[in-house]
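S.K.: coordinates only, sequence not included:
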């Protein structure tokens, strides 16, 4: 025996989207909770202390090359120097506004030693400093 509707309405052909919305909201909450857990944890690094230098306008520069070998010995334009000699020379050469110093350090040199040279250059008045990573 078939049941009939007295008002002669047809079958309901709409999709109930409420369960779909519920599932999507649950997935959204799962992604919101797990996303921060997927980011890599940062490493704790003790950086050397130096003072900041204000950036200057780009101009045509005359570069000087500071080379640091694996033992921390330095050469400025192929002339071996001590740290104090480097400071004196940089004070003289930094008076030229077009002076630029490039640092080329061996990969075995500790970062702190390179930061010392950066601080020496900054205190001497060098405002244009760059790093050489690959020599062609």
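M.R.: Ah, there it is. Just so we're clear, the structure is a prediction, and the values are computed from it rather than from any experiment.
S.K.: can we go C-alpha only for contacts and neighbour counts from here?
M.R.: Noted.
S.K.: Would you mind identifying the helix or strand in this structure with the lowest mean pLDDT?
M.R.: Ranked by mean pLDDT, DSSP states H and E, the weakest helix or strand in the chain is strand 62-68, scoring a mean of 82.
S.K.: Residue 35: what secondary structure?
M.R.: Three-state call for residue 35 (DSSP: H, G, I helix; E, B strand; the rest coil): helix.
S.K.: ok now the next helix or strand after the least confident helix or strand of the chain, how far from the chain's centre?
M.R.: Sequence order places strand 74-76 as the next helix or strand after strand 62-68, per DSSP states H and E. Centroid separation between strand 74-76 and its chain, computed with CA atoms, centre = their mean, to the nearest Å, is 27 Å.
S.K.: how long is stretch 75-88 end to end?
M.R.: Taking CA to CA, to the nearest Å, stretch 75-88 runs 14 Å from one end to the other.
S.K.: Run through this structure and note the low-pLDDT ranges.
M.R.: Applying pLDDT under 70 to the chain flags residues 1-10, 40-48, 52-62, 134-136.
S.K.: change it to 90
M.R.: For the chain, the stretches with pLDDT under 90 are 1-17, 34-84, 86, 93-115, 117, 126-136.
S.K.: Can you tell me, leaving aside adjacent residues, what's nearest to residue 109?
M.R.: residue 70 (5.2 Å; CA to CA, 6 or more residues apart in numbering).
S.K.: With that, I have no additional questions.
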